[in-house]
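A.B. asks: What follows is a predicted structure for the sequence shown.
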Amino acid sequence: MERALDTHYVYFVPGLFGFGQLAEYDYFHHIRLALEREFRSRDITLICTDAPTPPTSSLRYRAEVVAKTIARSVGSSGPIHLVGHSTGGLDARLLLSPNAQLRVPAESLAWRGRVRTITTLNTPHFGTPLASYFSTVSGARLLYALSLLTIISLKLGEPSLSIFARVLTGAGGLDAILGGDLRLFSRLTGGILRFVGRERRSEILEYLSKVQTDQGAILQISPEAMDIFNAAVLDAPHVRYGSVVARAPRPRTLAPARRIRSPSTAVSAALYTTLYQFAGQPHERYGYPSLDASGQNHLKALYGELVTDDDSDGIVPTLSMPWGKLIAAVEADHLDTLGHFWDSERPRVHTDWLTSGSNMTRYRFRDMVRKVAAFQLDER
């Protein structure tokens, strides 16, 4: 265990269509506060920093951006921890791999020996079938719409789902977006950005432009590509690896009268259903590794049944997420583990992303973060 007098550094690495801060919204706000609370309760100083990356660029480019961020911001001493959400976990693994060929100066990697842990949340270590779909024309359009929904729903909160539903209907509906021409995207984007302050529109448009023009990571997180990634990327021997896995309810379990709070969240639930269906189609040849007995029992004890190939968080298959020590397993969708979930008692504090019907609460969220902190501090 590290000495309590040491200052610890945590770097948060976002996944696809994730960010650090955008349009004044702090993507890692909830998990940062919860983790700081855990370290403070142990009288340990913690400095948290975002390591934002281009939303859909290649894993190597993203890892290089993270390396530069850490190099220019980390203190001269003290242990370092990386927390990667979704694809951010792959960026962290590549960055720490002893055989990684990164296009950055050696001094930008001098800190790597101080890294103690990598924690991955909802990370597709063995790929996600959604990547193959996102590489198609209709999938690329859905990815764009999903990126826009993520930004707007997190920035504006619950009312933004009504905005999204209204503008989506005006653009011809989800089917039209997936099969229509590019002019529909201009209508969708323009219609929604009217509800964002003028000074923030250019920032969001720049972000969306990156999603459209550089999608290198999309192909790289397919099950086929991750087979190569895992054969080539080595774990750093001095680093402890741990993972948080999540499983969201199957769409058929959503009881409309009880779960769907408004017509706008019905649109959100429809998006979730579409994503879940594609995420639950495992590759015939490149499947997920079998968990050991301990891992299987851990997941079964939480979920009450065996986890299968078609279980997911709506984006990433659950069985694709374990890597290293299994820190926690939660019922959550893809962004719930960052604190972006529906909280009826604090609707302005916790903003939902997609209507999945998961039972994540702030108490379960804090328990998950508590386990992450214990892993980082090697508490046995």
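C.D. replies: Looks like it came in fine.
A.B. asks: what's the distance between the residue lying closest to residue 315 once chain neighbours are set aside and residue 244?
C.D. replies: By the measure of Cβ to Cβ, 6 or more residues apart in numbering, the closest residue to residue 315 outside its immediate chain neighbours is residue 334, 4.2 Å from it. Placement of C-beta: from N, CA and C, glycine included. Counting by Cβ to Cβ, to the nearest Å, the separation of residue 334 from residue 244 is 12 Å.
A.B. asks: Quick check: closest non-adjacent residue to residue 245.
C.D. replies: Using Cβ to Cβ, 6+ apart, the closest residue to residue 245 is residue 321 (3.9 Å).
A.B. asks: one step back: the residue nearest to residue 315: what secondary structure?
C.D. replies: Following DSSP: H, G, I helix; E, B strand; the rest coil, residue 334 is assigned to coil.
A.B. asks: State the number of residues packed around it.
C.D. replies: For residue 334, the count of nearby residues is 28 (other Cβ atoms under 10 Å).
A.B. asks: Likewise for the one 5 residues further on?
C.D. replies: Here the number of neighbours of residue 339 (other Cβ under 10 Å) works out to 24.
A.B. asks: Could you do residue 85 as well?
C.D. replies: The local packing of residue 85 (other Cβ under 10 Å) involves 26 other residues.
A.B. asks: For it, list each beta-bridge partner.
C.D. replies: When bridges are taken as DSSP bridges, the partners of residue 85 come out as residue 121.
A.B. asks: Distance of it relative to residue 101?
C.D. replies: From residue 85 to residue 101 the distance is 25 Å (Cβ to Cβ).
A.B. asks: which residues in the stretch 51-200 of the chain form strands?
C.D. replies: Here the stretch 51-200 of the chain has its strands, by DSSP state E, counting those that start in this stretch, at 80-85, 115-121.
A.B. asks: what's the average pLDDT for the first one?
C.D. replies: For strand 80-85, the mean pLDDT works out to 97.
A.B. asks: Can I get it as CSV, trimmed to CA atoms?
C.D. replies: What follows is the C-alpha trace of strand 80-85 in CSV, where atoms were taken according to Å, rounded to 0.1, in the frame of the first residue of the first chain:
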residue,chain,number,x,y,z
ILE,A,80,-0.4,7.7,-10.8
HIS,A,81,-3.7,5.9,-11.6
LEU,A,82,-5.4,5.8,-14.9
VAL,A,83,-9.2,5.4,-15.1
GLY,A,84,-10.4,4.6,-18.6
HIS,A,85,-14.1,4.6,-19.5
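A.B. asks: ok now do residue 338, which residues does it touch?
C.D. replies: By Cβ atoms under 8 Å, 6 or more residues apart in numbering, the contact list for residue 338 reads 27-28, 30-31, 85, 121.
A.B. asks: let's see 10 Å
C.D. replies: For residue 338, the contacting residues are 12, 14-15, 18, 27-32, 83, 85-86, 121-122, 154, 332, 353, 365, taking Cβ atoms under 10 Å, 6 or more residues apart in numbering as the criterion.
A.B. asks: Confirm that residue 287 sits in a strand.
C.D. replies: No. Assessed by three-state DSSP, residue 287 does not belong to a strand; its assignment is coil.
A.B. asks: Quick check on the closest residue to residue 365 other than its chain neighbours: phi, psi?
C.D. replies: Using Cβ to Cβ, 6+ apart and skipping residues adjacent in sequence, the residue nearest residue 365 is residue 339, 5.7 Å away. Here the main-chain torsion angles of residue 339 (degrees, to the nearest 10) amount to phi 100, psi 10.
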